[in-house]
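Participant: Model the following, please.
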Amino acid sequence: MAKTETGKVENKIAIPRTKSGSSSSDIDSPCYLHALSPQTLLLATDSGALHTYDLRVPYSTVSPRPESTYHPHDDYVSSLTPLPPSATSTSGFSKQWVTTGGTTLAVTDLRKGIVARSEDQEEELISSAYMGGLPSSGTSVGEKIIVGCGSGVITLWEKGVWDDQDERIYVSRGPGGGESLESMAVVPDDLGVGKVVAVGQADGLVSLVRIGPNKVVTRVRHDEVEGVVAIGFDVEGRMVSGGGQTVKVWHPTDEVNGKRGNPMMYGSSDDSDDDDDSDEENETRRKRKKRKRGKGKDRSGGQHVIALEGID
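Facilitator: The predicted model follows:
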């Protein structure tokens, strides 16, 4: 959708309805949106439909017609991760993507449709990310899809082998199961910290997990109550986390272990002890109504985080 110089909308796409009729209750609400390329838009809806749109074609608001529609899962799409273009690609844009929904993972091709679907994993798959450039030997090799689960576990999937996961990393533990892993983003390679993924949890923590050794290397707290629903990195290597009414921009510490700008220590590592909290303390934290108000400092007093609060 674009605007002209006069501010008028140049083009817009209407969401297909779940059934015929004019009632607003029939609208199949969108749950996930991803721009695969400048020409292709992917739109997933609550019913589990995944629509592809060619943005070069104008659409009618009366009779919207996607280029194609797929149903990769029995539930709504919880995450979507594009796979890198092949070596023979002439456009340089991805033509395949991985989705998670309910308890399955699926791979869809822009031209061929759904090309693979995993076995039932018997746990909810919530978030995902792609990581390439892993060593050619060892436990985690080549290219992986990293999936965050509702049980607090990361599962690793070898690219091209989509039937089942091949490794598990326990990020969050608890008597009744760990906190769900709501969001994730791969730490940029230019930061020189190795293969690390940042994982936003439902309890407000962000865990940084090193792939290969497959372990949590540090944790920071985004919020005392709200979960981390979005996480990413800006062009300067700062980590950005969002959840509730707060967005935080995390600055790498000036110097850690003799290296400048090491993002492994965003904020304080004091939060790493949170897994040892008692059940009563965890329950108290979840029920707490007063949100922690960030003052631009981490727990160690360093100026490592900017907090933007009260976002509507």
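Participant: going forward, measure contacts and count neighbours with C-alpha atoms only.
Facilitator: Will do.
Participant: Which SSE is immediately downstream of the top strand by length along the chain?
Facilitator: Secondary structure of the chain read by DSSP state E shows that its longest strand is strand 125-134. Sequence-wise, the next helix or strand downstream of strand 125-134 (DSSP states H and E) is strand 142-149.
Participant: hang on, the earlier thing: so the longest strand of the chain versus strand 142-149, what angle?
Facilitator: Strand 125-134 and strand 142-149 are oriented at 160 degrees to each other (axes from the mean of the first three to the mean of the last three C-alpha atoms, to 10 degrees).
Participant: What pairs with strand 125-134, parallel or antiparallel?
Facilitator: strand 142-149 (antiparallel) (DSSP bridges).
Participant: quick one: buried residues of the partner strand?
Facilitator: Residues of strand 142-149 classed as buried: 143-149 (neighbour count, 16 or more other C-alpha atoms under 10 Å).
Participant: Return the item of those having minimum pLDDT.
Facilitator: Lowest in pLDDT among the buried residues of strand 142-149 is Glu143, which has 91.
Participant: mind checking how far Gly200 is from Lys95?
Facilitator: 28 Å (C-alpha to C-alpha, to the nearest Å).
Participant: pretty sure Ala185 is touching Gly232, no?
Facilitator: Yes. In terms of C-alpha atoms under 8 Å, Ala185 counts as a neighbour of Gly232; the distance is 5.4 Å.
Participant: before we move on, back to that, compare neighbour counts for Gly200 and Lys95 and give me the winner.
Facilitator: Per other C-alpha atoms under 10 Å, whichever of Gly200 and Lys95 has more neighbours is Gly200, with 33 against 20.
Participant: any idea which element that one lies in?
Facilitator: Following DSSP H and E, one finds Gly200 within strand 196-201.
Participant: now do Glu236
Facilitator: Here Glu236 is assigned to no helix or strand, by DSSP H and E.
Participant: same question, the one 4 residues further on
Facilitator: Under the criterion of DSSP H and E, Val240 resides in strand 239-243.
Participant: For Ser118, give me its contacts.
Facilitator: If you count contacts by C-alpha atoms under 8 Å, 6 or more residues apart in numbering, Ser118 has them with 104-106, 162-164.
Participant: Turn those into JSON lines, columns for secondary structure and neighbour count.
Facilitator: Below are the contacts of Ser118 laid out as JSON lines (DSSP: H, G, I helix; E, B strand; the rest coil; neighbours: other C-alpha atoms under 10 Å):
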{"residue": "Thr104", "secondary structure": "strand", "neighbour count": "24"}
{"residue": "Leu105", "secondary structure": "strand", "neighbour count": "29"}
{"residue": "Ala106", "secondary structure": "strand", "neighbour count": "21"}
{"residue": "Trp162", "secondary structure": "coil", "neighbour count": "19"}
{"residue": "Asp163", "secondary structure": "coil", "neighbour count": "17"}
{"residue": "Asp164", "secondary structure": "coil", "neighbour count": "17"}
